[in-house]
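> generate a structure from the sequence data that follows.
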Amino acid sequence: DHLSFGQPVPAAGRARLPPEIAAHVAPLDGTRHVAEEVHASIEHYARISPTTFNPSQPARMRQLPAVVVHQFVATSHVHAKEATPAVIVTYDVSPIRVTISQKRMPVSQLLVSACAIVGGVISVVGLVDGVVHSGARALGQFRL
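The predicted structure is shown next:
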């Protein structure tokens with residue numbers, strides 16, 4: 001009915017997880033795996049990644065603790081064998097912890113970045129225009 005790894009995550013912690021992270025905390029929940037053939041075994045392979053999620057918070061609010069979960073990706077197969085039917089769960093725990101931190105960008109930093117991008121585009125267009133203009137002038141001198 002439910003397959004998870006690590007300590008249970010409280011409901012308040014799960015509510016703070018973005019949907020793309022929460023989808024990988026228990027991906028087999030709500031799925032059905034039925035063996036249609038006689039003597040069929042269902043095999044699940046799970047790759048588990050310990051994950052820490054640090055949500056962004058306004059500076060004036062009290063600091064909320066990080067949410068520690070174990071994300072996993074599961075692959076399921078049905079094998080028809082002349083043996084006793086079984087459910088096999090194989091898992092592999094990643095030795096690397098993933099840390100995801102959300103940070104809000106101040107409006108001033110957004111404006112500075114936008115101005116830098118616009119200035120860079122104008123500079124590149126000016127360089128290309130100068131090269132094209134010089135090349136056209138040089139080709140015009142060779143024709144005379």
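
> mind giving me the packing neighbours of the helix-or-strand element of the chain with minimal mean pLDDT?
Counting by mean pLDDT, DSSP states H and E, the weakest-scoring helix or strand in the chain turns out to be helix 11-15, with a mean of 79. Helices and strands touching helix 11-15, by 3 or more CB pairs under 8 Å, 6 or more residues apart in numbering; DSSP states H and E, are strand 67-80. Heads up, the C-betas are built off the backbone N, CA and C, glycines and all.

> in the strand it packs on, what counts as buried?
67, 69-72, 74 (16 or more other CB atoms under 10 Å).

> what's the closest of these to residue 125?
residue 71 (44.0 Å; CB to CB).

> so who does the closest one touch?
21, 24-25, 48-49, 51, 98 (CB atoms under 8 Å, 6 or more residues apart in numbering).

> for the chain, longest helix please?
helix 107-143 (DSSP state H).

> what does the average pLDDT come to for that one?
Averaged across helix 107-143, the pLDDT comes to 91.

> stretch 72-80 now?
Mean predicted lDDT for stretch 72-80 stands at 81.

> thinking again about what came up before, residues of the least confident helix or strand of the chain that come out buried?
Buried-residue list, helix 11-15, by 16+ other CB under 10 Å: residue 13.

> okay, the nearest residue to residue 24 once chain neighbours are set aside and residue 13: tell me how far apart.
Closest residue to residue 24 apart from its sequence neighbours, by CB to CB, 6 or more residues apart in numbering: residue 71 at 3.9 Å. Separation of residue 71 from residue 13 (CB to CB, to the nearest Å): 14 Å.
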